[in-house]
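Enquirer: fold the following for me, if possible:
(2 chains)
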Number of protein chains: 2
Amino acid sequence: MASDLVLYGYWRSTAAYRVRIALNLKGLAFENRPVHLVRGGGEQHAPAYAALNPLELVPSLRDGERTLTQSLAIMEYLDETRPEPPLLPSDAAGRARVRELAQIVACDIHPIGNLRVLQRLVTQFEAPEGEKVAWSRHWIATGFHALETMLARDSATGRYCHGDTPGLADACLIPQCYNALRWGVPLQDYPTIQRIHAACGELDAFKAAAPEAQPDAPES
Amino acid sequence: MASDLVLYGYWRSTAAYRVRIALNLKGLAFENRPVHLVRGGGEQHAPAYAALNPLELVPSLRDGERTLTQSLAIMEYLDETRPEPPLLPSDAAGRARVRELAQIVACDIHPIGNLRVLQRLVTQFEAPEGEKVAWSRHWIATGFHALETMLARDSATGRYCHGDTPGLADACLIPQCYNALRWGVPLQDYPTIQRIHAACGELDAFKAAAPEAQPDAPES
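Expert: From the prediction side, this is the model:
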């Protein structure tokens, strides 16, 4: 069954990076099919891909004949169809906490600084590079402040976001840390996030999912 | 147990509106505690509320001693702790589809046109009202195009987003339709969305959740 999994992603897409982590944590083999988000105006807008994913974003996951979109929905689907090891805790309160942490990243940080939004800032407001940087940093810092507060004050936080097993929240947080570093947001301002980032960085599932480890990453 | 539920929301917040629909679909009584997002610079930034919700957004839900944030996480929590009637289908593929539709709204439409983002367009780019309107319409139209395509082509779509029972996807779609109409996006461009909007509009759970029906809605 695992060999039927095809991930349409892009090396630097943090949403695709999340799904790669989830697949790796579960030990699932998958075919990596890169969609170049910049070349030729963006391969995600090509008719064949838009038919798979009408929002024309990555990632998409093919599982046999089925195509799924939206990284959080994909990870929950993987957790329901390939339950071991679980990405979510077994109790409702813990599951709510993990989803909450994941959604702070996936709803309230990442979409606002995504490629298409930065492109729109340029076409609609002629935003120069410095303004795009300020915009990205602002939303990351706002979200990371909340995440740091919630992680630091809660005894449910362990070596990872929830206890001592990596899961869904870590699969969202670590790609967002990669994006934060790319835009120059210092992780040392968020010591709990920084600690979890370092802990996840030691795990093969996270190493193999890193942007630079992808076949479509540029050489330089 | 239901009387312990306290919803911190705002009449016109579409994320709070989602949770009101979910609570009503399940027939759960709750105390409505308005947080005025504009008055005095925004009550969501007051220390007492920021302690509950460090991202300083609505909604938050108190369930006894526990406080939950993030509308999708809250609705999944309600579905796990008060399972009847369910907001999600029972099969993994159906659950993935409903979450996907919900997340197109909650990740890729709503956060980009949210109040704080529009405020930032003004402070950072001095965006006049017309540019805020163009920005909002663009992201709603982009997302609704994808939703319409996915709803129209899939036989799993019924009277509502997924079959003939309203659920999580409808609880996200209908508030986004309200927001679309507010910004002047014509629903007739999206006939399946328009049809589902009309069907949900006949249900008491949706009527009672509507912004205008809230105690903090202005008279005019």
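Enquirer: residue boundaries of the helices in chain A?
Expert: A:14-25, A:47-52, A:71-81, A:92-108, A:115-125, A:129-152, A:168-183, A:191-201, A:204-207 (DSSP state H).
Enquirer: most packed of these?
Expert: helix A:14-25 (a mean of 26; mean count of other CB atoms under 10 Å in any protein chain shown). In this view, the C-beta of every residue, glycine as well, is placed from N, C-alpha and C.
Enquirer: counting by contacts, list what it packs against.
Expert: In terms of contacts (3 or more CB pairs under 8 Å, 6 or more residues apart in numbering or on different chains; DSSP states H and E), helix A:14-25 is packed against strand A:5-9, helix A:71-81, helix A:168-183, helix A:204-207.
Enquirer: now do the contacts for A:Tyr17.
Expert: Neighbour list for A:Tyr17: A:Gly9, A:Ile174, A:Pro175, A:Tyr178, A:Ala209, A:Ala210, A:Pro211 [criterion: CB atoms under 8 Å, 6 or more residues apart in numbering or on different chains].
Enquirer: pretty sure A:His110 sits against A:Ala16.
Expert: No - with contacts counted by CB atoms under 8 Å, A:His110 stays clear of A:Ala16, the gap being 11.5 Å.
Enquirer: pLDDT score assigned to A:Asp4?
Expert: pLDDT recorded at A:Asp4 is 88.
Enquirer: can you add distance to B:Asn114 and give the helices and strands packed on helix A:14-25 back as CSV?
Expert: Shown next, in CSV, are the helices and strands packed on helix A:14-25 (distance: least, CB to CB, whole Å):
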stretch, distance to B:Asn114
strand A:5-9, 27
helix A:71-81, 18
helix A:168-183, 18
helix A:204-207, 30
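Enquirer: and B:Leu118, which of these is closest to it?
Expert: With CB to CB as the criterion, B:Leu118 lies closest to helix A:168-183 of those, at 21.7 Å.
Enquirer: sorry, back to before: out of the helices and strands packed on helix A:14-25, nearest to B:Ala96?
Expert: With CB to CB as the measure, helix A:71-81 is the member of these nearest B:Ala96 (4.0 Å).
Enquirer: against which helices or strands is the closest one packed?
Expert: helix A:14-25, strand A:60-63, helix A:92-108, helix A:168-183, helix B:92-108.
Enquirer: and the second one, how far out from the chain's middle?
Expert: For strand A:60-63, the distance between its averaged C-alpha position and the chain's averaged C-alpha position is 16 Å (CA atoms, centre = their mean, to the nearest Å).
Enquirer: quick check: mean pLDDT of that strand?
Expert: Here strand A:60-63 scores 98 as its mean pLDDT.
Enquirer: partner strands of it, parallel or antiparallel?
Expert: Strand A:60-63 pairs in its sheet with strand A:5-9 (antiparallel), strand A:66-69 (antiparallel), by DSSP bridges.
Enquirer: then it to PDB, C-alphas only?
Expert: Listed next in PDB are the C-alpha coordinates belonging to strand A:60-63 (Å, rounded to 0.1, in the frame of the first residue of the first chain):
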ATOM      1  CA  SER A  60      -1.200  16.900  -2.900                       C
ATOM      2  CA  LEU A  61      -1.000  13.300  -1.900                       C
ATOM      3  CA  ARG A  62      -2.100  10.400  -4.200                       C
ATOM      4  CA  ASP A  63      -3.100   7.200  -2.400                       C
END
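Enquirer: now what about that strand, what contacts it?
Expert: Contacts for strand A:60-63 (CB under 8 Å, 6+ apart): A:4-8, A:19, A:49, A:52-53, A:67-69, A:74, A:77, A:81.
Enquirer: output stretch A:26-45 as CSV, restricted to C-alpha atoms.
Expert: Extracted in CSV, the C-alpha atoms of stretch A:26-45 (Å, rounded to 0.1, in the frame of the first residue of the first chain):
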residue,chain,number,x,y,z
LYS,A,26,5.3,6.5,10.0
GLY,A,27,8.0,4.9,7.9
LEU,A,28,5.9,5.1,4.8
ALA,A,29,7.7,4.9,1.4
PHE,A,30,6.4,7.4,-1.1
GLU,A,31,7.2,8.7,-4.6
ASN,A,32,8.3,12.3,-4.5
ARG,A,33,7.0,14.2,-7.5
PRO,A,34,8.2,17.8,-7.5
VAL,A,35,6.0,20.7,-8.7
HIS,A,36,8.2,23.7,-9.3
LEU,A,37,6.4,26.7,-7.8
VAL,A,38,8.4,29.4,-9.6
ARG,A,39,9.7,28.0,-12.9
GLY,A,40,7.6,29.1,-15.9
GLY,A,41,5.2,31.0,-13.8
GLY,A,42,4.6,28.0,-11.5
GLU,A,43,3.9,24.4,-12.5
GLN,A,44,1.2,24.3,-9.9
HIS,A,45,-0.9,26.4,-12.3
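Enquirer: how about that stretch: buried residues?
Expert: Using 16 or more other CB atoms under 10 Å in any protein chain shown as the test for burial, stretch A:26-45 gives A:Lys26, A:Leu28, A:Phe30, A:Asn32, A:Arg33, A:Pro34, A:Val35, A:Leu37, A:Gly42, A:Glu43, A:Gln44.
Enquirer: show me where pLDDT drops low in chain A?
Expert: A:1-3 (pLDDT under 70).
Enquirer: run through the residues that contact the residue lying farthest from the centre of it.
Expert: Centroid-distance maximum for chain A: A:Glu126 at 27.9 Å, with CA atoms, centre = their mean. Going by CB under 8 Å, 6+ apart, A:Glu126 touches no other residue.
Enquirer: farthest pair in the contacts of strand A:60-63?
Expert: Once CB to CB is applied, the contacts of strand A:60-63 give A:Tyr49 and A:Thr81 as the farthest pair, at 23.6 Å.
Enquirer: on that earlier part again, mean neighbour count added to the strands paired with strand A:60-63, as JSON lines?
Expert: JSON lines is the format used below for the strands paired with strand A:60-63 (neighbours: other CB atoms under 10 Å in any protein chain shown):
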{"stretch": "strand A:5-9", "mean neighbour count": "22"}
{"stretch": "strand A:66-69", "mean neighbour count": "20"}
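Enquirer: returning to what we had before: can you put the helices and strands packed on helix A:71-81 in CSV and add distance to A:Ala146?
Expert: Converted to CSV, the helices and strands packed on helix A:71-81 look like this (distance: least, CB to CB, whole Å):
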stretch, distance to A:Ala146
helix A:14-25, 18
strand A:60-63, 29
helix A:92-108, 6
helix A:168-183, 12
helix B:92-108, 17
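Enquirer: before I go, just wanted to say thanks for your time.
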